[in-house]
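Asks: I'd like to go over a predicted model; first the sequence, then the structure.
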Amino acid sequence: MKRVMLAAALVALAATTAQAQVADKRFSVTTRLGTVTPERSSSLDLAGLVGLDTEYSLNKYFGTGVSVDVTRGNTHREDFVARLRYGNPTAGGGDTIYYQYVGQPVNTIHIGAFGVARYPTKRITPFVMGGFGTYTMLLDTQINGKAAIKNSASYTLGGGVSIKFTERSGIQIDARQLTMRNFDRGFIDPTAGRNPNTVFPEDFPSVPAAKNTAANFMLSLGFRYIPGNIGGN
C-alpha cells in the first residue's frame, strides 16, 4: 500500500512539473505606443511610434520573438536650407534671393528578431532585451519625384518592466535604442543637394557632422496579452 501511495505521489509530482514546464512555453503579444527621439546628427525630429512584439517564452526566464515598429516623423528643417533666386539679375533693381528651410515627412518601418531575459516576481517583472533586424525608410513620392526607399541592417538594445494585472494580461513599459547602420543623411535631404546656401552659411544654425549610423531612443507603453490555448495553456 505504501508503495502504491508513493508511486501515485511521484506520478502526481511529475505531472505537476510537466504542466509547469509546458505553461512556461507560451506566446505573448504586446502592442506598444510611444515616441522615438533620433540622434541629432540624423537630422530627424521627434516622432510617434506604433509597435508590436510577439514573444515565445522558452521558460520563465528567457524568451525569443519578433518585433515590428512603425514611425512617421519629419526631417529637421533647419538642417536643410535652400537658396531660391527670383527675377532677372540683368534688369533694373537686380534679382531677389530667398532662403528657405525645407523639410519632408519620413516613414520608417523596423522589423527585427530579439531575445529577452526576465526576472519574474509576483506582479512586476524587469527584463532586458537585444536583437537585430532591418529598417526601411520611405519618402514622399510627390516631393521627391520618384519612389525613394532605403533599407539596411539595424540592432536593438533595451529593457523595461512588465506589470501583471491578471494571469493573461498586463502592461509593459520599456526603453530601447535602435541603431540604424549605413545611415545616409543625404537620402532624406528634401533639396536633393540643389541650390545649397553657400553665400551666408554663418547666418543660419550650424548642422552637425553626418554619421553613417543613427541611434534612436524609443520609449513606449504597451499592453501585454497571453492568448489562451496556445503553447500548452
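Replies: Sure thing, it's come through. Bear in mind the structure is a predicted one, so any value in this text is a computation, not a measurement.
Asks: report the secondary structure state of N151.
Replies: Assigned with DSSP: H, G, I helix; E, B strand; the rest coil, N151 falls in the strand class.
Asks: which residues in the protein form strands?
Replies: Counting by DSSP state E, the chain has strands at residues 27-38, 47-57, 62-74, 81-86, 96-101, 105-118, 124-139, 148-164, 169-181, 213-225.
Asks: can you list these in JSON lines and add mean pLDDT?
Replies: Listed next are those as JSON lines, based on pLDDT from 0 to 100:
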{"stretch": "strand 27-38", "mean pLDDT": "96"}
{"stretch": "strand 47-57", "mean pLDDT": "96"}
{"stretch": "strand 62-74", "mean pLDDT": "96"}
{"stretch": "strand 81-86", "mean pLDDT": "71"}
{"stretch": "strand 96-101", "mean pLDDT": "73"}
{"stretch": "strand 105-118", "mean pLDDT": "96"}
{"stretch": "strand 124-139", "mean pLDDT": "96"}
{"stretch": "strand 148-164", "mean pLDDT": "95"}
{"stretch": "strand 169-181", "mean pLDDT": "96"}
{"stretch": "strand 213-225", "mean pLDDT": "96"}
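Asks: figure out which of those strands is closest to V207.
Replies: strand 81-86 (8.7 Å; Cβ to Cβ). Glycine gets a C-beta too; all of them are placed from N, C-alpha and C.
Asks: before we move on, the earlier item: for S206, find the nearest of the strands of the chain.
Replies: Closest among the strands of the chain, using Cβ to Cβ: strand 81-86, at 11.2 Å.
Asks: ok, which of the strands of the chain comes nearest F187?
Replies: Evaluated over the strands of the chain, closeness to F187 peaks at strand 148-164, with 5.2 Å, by Cβ to Cβ.
Asks: for that closest one, name the packing helices and strands.
Replies: Packing partners of strand 148-164 (3 or more Cβ pairs under 8 Å, 6 or more residues apart in numbering; DSSP states H and E): strand 105-118, strand 124-139, strand 169-181.
Asks: quick one, that strand and strand 62-74 angle?
Replies: Here the directions of strand 148-164 and strand 62-74 differ by 130 degrees (axes from the mean of the first three to the mean of the last three Cα atoms, to 10 degrees).
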